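Trainee: sequence? don't have it. structure:
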């Protein structure tokens with residue numbers, strides 16, 4: 001598993017720091033369950049969006065938030081919000097070709113934001129949301145990426 005983190009900008013371009021997660025088998029199972037659950041939620045939201053022809057993120061959140069939380073057991077509030085944003089983004093990228101509802105692959109990538117993921121740089125761990133609770137997973141990387149990670153500002157990424 002890998003995390004790519006873009007935080008500081010150099011000459012107007014984001015700097016990418018690539019980290020490798022080293023989860024235990026139980027943590028890996030919890031993270032895999034999170035991916036499946038988030039993609040299932042995105043598919044539910046996508047079907048609602050298609051059925052009601054609502055594709056803007058604000059209107060889609062009003063329409064789908066409570067429905068997706070009710071239909072997908074174990075889905076956290078912020079994970080539901082991220083699923084809704086993913087669906088809105090998917091339809092925004094397909095403006096000309098809205099011929100059918102977008103279906104999300106069960107193993108597709110899931111974006112984590114600052115509320116779903118936090119770093120402990122001293123312990124070199126990242127805390128990630130899963131349906132069974134947060135897991136703290138150690139990470140490794142190339143020395144230059146670890147050095148860049150330590151140089152990033154603390155607090156919420158912009």
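Mentor: Here it is on my side, so go on. Nothing here was measured: the structure is a model prediction, and the numbers come from that model.
Trainee: Output the longest helix belonging to this protein.
Mentor: The residue-count maximum for a helix in the chain (DSSP state H) belongs to helix 25-52.
Trainee: That helix - what's its average pLDDT?
Mentor: Along helix 25-52, the predicted confidence averages to a pLDDT of 96.
Trainee: Apart from its neighbours in sequence, what residue is nearest the spatially most central residue of the chain?
Mentor: When CA atoms, centre = their mean is applied to the chain, the residue found nearest the centroid is residue 111 (2.1 Å). Counting by CB to CB, 6 or more residues apart in numbering, residue 111 lies nearest to residue 82, which is 6.2 Å off, once chain neighbours are set aside. For the C-beta atoms, the positions are set from N, CA and C on the backbone; glycine is no exception.
Trainee: check contacts around the one you found.
Mentor: When contacts are counted by CB atoms under 8 Å, 6 or more residues apart in numbering, residue 82 touches 38, 110-113, 116.
Trainee: number of nearby residues for residue 94?
Mentor: Applying the criterion other CB atoms under 10 Å, we find 13 residues in the vicinity of residue 94.
Trainee: So it sits against residue 100, correct?
Mentor: No: counting by CB atoms under 8 Å, residue 94 stays clear of residue 100, with 9.9 Å between them.
Trainee: Following the chain onward from the lowest-mean-pLDDT helix or strand in the chain, which element is next?
Mentor: The helix or strand of the chain with the poorest confidence is strand 2-10; it has a mean of 57 (mean pLDDT, DSSP states H and E). Remark: after strand 2-10, the chain's next helix or strand is strand 13-21, criterion DSSP states H and E.
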